[in-house]
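K.L.:
With the sequence up front, the predicted model follows.
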Amino acid sequence: MEPSPSGGSRPAEPGPCLRGPGGVCQATSAYSPSEVGAQPGYRVAAVLPAGGCGERMGVPTPKQFCPILERPLISYTLQALERVSWIKDIVVAVTRENMDKMEGIIQRYQHKRISLVESGVTRHRSIFNGLKALTENGSNTKPSKPEVVIIHDAVRPFVEEDVLLKVVTAAKEHGAAGAIRPLVSTVISPSADGCLDHSLERSRYKASEMPQAFLFDVIYDAYQQCSDYDLEFGTECLQLALKYCHTKAKLVEGSSDLWKVTYKQDLYAAESIIKGIISQQICIVMDTKEDKGHIGLLEEMLKNELKHINVTSRTLCHAGRDLQQIILDQCYNFVCVNVLNFDFQETQKLLKLLEDSHLSIFNPVVVVSVHFLDYNSEPFGEKMENIMQIREFSKEVKKRNILLCGLLIYYPQDKLKIQESLRQGATIIAALIKERNPGLAGQLLVA
Ligand SMILES: Nc1ccn([C@@H]2O[C@H](COP(=O)(O)OP(=O)(O)OP(=O)(O)O)[C@@H](O)[C@H]2O)c(=O)n1
Ligand SMILES: O=P(O)(O)OC[C@@H](O)[C@@H](O)[C@@H](O)CO
């Protein structure tokens, strides 16, 4: 679920957009397709059970709607599936009371290819309701029956195209397929008196995860035959295919991030992973008049400070295609360097581009306005007064999920001292981007 790699073709869905000539919005997709390449040669749809109450999470809000970086968990899962262009329909099963909430999420985050159905009192009943929605004759507004259907829990946001393609391809051949993971804890069987009866040899067993995929007719037939007991107490779709359709599912090794958000600590883990994903790219923005020497040094130090992070630099004054492309490619971190001036004209140009792009609807955008400040020059007080405007700017843009901070770098200094200041500056920038702490927005930090 990393920001889309640049250059990927984009489906028609609206997403971050930029005002082109004449103010026309150049729409792109917030869900640019991933780059796996291979596509199934048959119709594929997905059913997402999202009708649970999240009792084990221990909070009033059902966990699929719990916010991560102020965005509902289910939106990340939808985004992951929407990036897969060959999944033609996504059916989400939610409770009647959560229909409006779900509609609002679809609208706010521009989710496409989504159909909603009412969930059931159990997960299996919710899935069955989702499958029924795929049997109706498709139309412009209704999904069509697929050859293969993916079933994926709405609370498993970190699903990549490669594992989806693997389970779909395996299901086409075997009738059913599901992702599995090694067991972490040993499974034991307790006796009636609450003592150990026996333990299972862990290496012989696997944990059944999601996504799973089925020939649609297999899983639909299984659910139609399903006993009330299985619908009520079952937790394994693969077992239904085996029991009712004698279809042995192909098991596909999945990656460790397929886990299901179940307890509160899972939300913290998911937030940390998402922060890591959206911190993968940083764009240093400067005006062409700026002194590239220091910027090049700052860029080099940022690269040293942030291993495996893609740090690029762009000029702002032309506000040309290159910077716009960076925004369209969903870069969420910008360092705006002001060597010669102390007002916020350059930073304000960048903020305007970002606000017009709607990028920050999907994730918080971090903007660090860097000012090389000559403390000995006159009028120092006036410059500081200018820079203190950052508090007001920050309050305004924070409403649009843009976190703006200021960073002062003492200048000029001898070569070693300026290098030390730049190194300290890179450390501060790295921390601001990694933490994305709204509490630091509007602060003026000194390197
Ligand atoms: N009647 C239900 C119960 C669960 N689910 C969905 O099935 C997925 C996996 O189930 P689980 O993790 O058990 O979710 P909850 O039932 O909400 O969790 P809990 O058991 O803690 O209440 C979730 O996306 C959940 O929303 C569903 O669609 N309909
Ligand atoms: O049992 P729960 O309702 O917590 O979640 C459903 C899980 O069992 C299910 O998603 C996988 O085990 C694969 O079947």
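P.N.:
Thanks, I have the structure now. Ligands and ions are numbered 1, 2, ... in the order given.
K.L.:
Could you list the buried residues of stretch 431-444?
P.N.:
432-434, 436, 440-442, 444 (16 or more other Cβ atoms under 10 Å). For glycine as for every other residue, the C-beta is placed from the backbone atoms N, C-alpha and C.
K.L.:
tell me the contacts of the closest residue to L258 other than its chain neighbours?
P.N.:
Leaving aside its sequence neighbours, L258 sits nearest to E209 (Cβ to Cβ, 6 or more residues apart in numbering; 4.6 Å). By Cβ atoms under 8 Å, 6 or more residues apart in numbering, the contact set of E209 is 156, 178-181, 254, 258-260.
K.L.:
Need phi/psi at E209.
P.N.:
Geometry field for E209 lists phi and psi as phi -110, psi -160, criterion degrees, to the nearest 10.
K.L.:
Please tell me how far it sits from ligand 2.
P.N.:
Using Cβ to the nearest ligand atom, to the nearest Å, E209 is found at 6 Å from ligand 2.
K.L.:
ok, now E420?
P.N.:
For E420, the distance to ligand 2 - Cβ to the nearest ligand atom - is 52 Å.
K.L.:
Count residues in the vicinity of K250, would you?
P.N.:
A total of 18 residues lie near K250 under the criterion other Cβ atoms under 10 Å.
K.L.:
Quick check, pLDDT for it.
P.N.:
According to the prediction, K250 has pLDDT 98.
K.L.:
List the residues that contact it.
P.N.:
For K250, the contact set (Cβ under 8 Å, 6+ apart) comprises 170-171, 173-174, 176-178.
K.L.:
Top of the residues you listed by number of neighbours, please.
P.N.:
Going by other Cβ under 10 Å, A171 tops those with 31 neighbours.
K.L.:
quick one: what helix or strand has that one in it?
P.N.:
Assigned by DSSP states H and E, A171 falls within helix 161-174.
K.L.:
quick one, what contacts whichever residue of the stretch 1-150 of the chain sits closest to ligand 1?
P.N.:
Across the stretch 1-150 of the chain, the shortest distance to ligand 1 (Cβ to the nearest ligand atom) belongs to G52, at 2.0 Å. For G52, the contact set (Cβ under 8 Å, 6+ apart) comprises 62-64, 119, 123, 126, 155.
K.L.:
ends of stretch 55-71, how far apart?
P.N.:
Terminal residues of stretch 55-71 are spaced 20 Å apart (Cα to Cα, to the nearest Å).
K.L.:
for the stretch 101-250 of the chain, which spans come out with low pLDDT?
P.N.:
For the stretch 101-250 of the chain, the stretches with pLDDT under 70 are 137-141.
K.L.:
Spell out which parts of it neighbour ligand 1.
P.N.:
Residues of the stretch 101-250 of the chain lying near ligand 1 by Cβ under 6 Å from any ligand atom: 119-123, 126, 153-155.
K.L.:
Just give me the neighbour total for Q265.
P.N.:
Q265: 10 neighbours (other Cβ under 10 Å).
K.L.:
All further residue positions should be reported with the first residue as 708.
P.N.:
OK, 708 is where the count begins now, so the last one is Q972.
K.L.:
Let's verify it: helix, strand, or coil?
P.N.:
Here Q972 is helix, with the state taken from DSSP: H, G, I helix; E, B strand; the rest coil.
K.L.:
Could you dump the contacts of E916 into TSV with distance to I1125 added?
P.N.:
Output for the contacts of E916, formatted as TSV (distance: Cβ to Cβ, whole Å):
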residue	distance to I1125
R863	48
G885	57
A886	52
I887	55
R888	50
G961	49
L965	47
W966	46
K967	50
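K.L.:
And those residues, which is closest to ligand 2?
P.N.:
Nearest to ligand 2 among the contacts of E916 is K967, at 5.8 Å by Cβ to the nearest ligand atom.
K.L.:
buried stuff in stretch 968-988?
P.N.:
Result for stretch 968-988 [16+ other Cβ under 10 Å]: buried residues 968, 973-974, 977, 981-982, 985-988.
K.L.:
want to throw those residues into a markdown table with distance to ligand 1 and secondary structure?
P.N.:
Formatted as a markdown table, the buried residues of stretch 968-988 follow (distance: Cβ to the nearest ligand atom, whole Å; DSSP: H, G, I helix; E, B strand; the rest coil):
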| residue | distance to ligand 1 | secondary structure |
| --- | --- | --- |
| V968 | 8 | coil |
| D973 | 10 | helix |
| L974 | 13 | helix |
| A977 | 13 | helix |
| I981 | 18 | helix |
| K982 | 23 | helix |
| I985 | 23 | helix |
| S986 | 27 | coil |
| Q987 | 27 | coil |
| Q988 | 30 | strand |
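K.L.:
Mind checking what helix or strand follows the helix or strand in which G837 is found in sequence?
P.N.:
Per DSSP H and E: G837 is located in helix 830-840. Using DSSP H and E, the next helix or strand after helix 830-840 towards the C-terminus is strand 855-858.
K.L.:
Do me a favour and get the backbone dihedrals for E908.
P.N.:
E908 adopts backbone torsions of phi -70, psi 110, taken as degrees, to the nearest 10.
K.L.:
same deal with F1041?
P.N.:
Dihedral angles of F1041 (phi, psi; degrees, to the nearest 10) stand at phi -130, psi 140.
K.L.:
quick one: it and I1109, what's the gap?
P.N.:
Per Cβ to Cβ, to the nearest Å, F1041 is found 9 Å from I1109.
K.L.:
Mind checking which of the two has more residues around it?
P.N.:
F1041 (28 against 23).
K.L.:
Isn't that one up against V1075?
P.N.:
Yes. In this structure F1041 lies within contact range of V1075 using Cβ atoms under 8 Å: 7.3 Å.
K.L.:
Spell out which residues of the chain are next to ligand 2.
P.N.:
With the criterion set to Cβ under 6 Å from any ligand atom, the chain comes near ligand 2 through 830, 860, 915-917, 942-944, 967.
K.L.:
Out of those, list just those in helices.
P.N.:
830, 944 (DSSP state H).
K.L.:
Can you select the buried ones from the residues of the chain next to ligand 2 in ChimeraX?
P.N.:
Listed next is the ChimeraX selection for buried residues among those, using 16+ other Cβ under 10 Å:
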select :830,860,915,916,917,944
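K.L.:
can you put the residues of the chain next to ligand 2 in TSV and add distance to K819?
P.N.:
Formatted as TSV, these follow (distance: Cβ to Cβ, whole Å):
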residue	distance to K819
R830	25
D860	21
S915	30
E916	26
M917	22
T942	30
E943	31
C944	26
K967	25
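K.L.:
What is the nearest of the residues of the chain next to ligand 2 to S792?
P.N.:
Proximity of these to S792 (Cβ to Cβ) peaks at M917, which lies at 20.4 Å.
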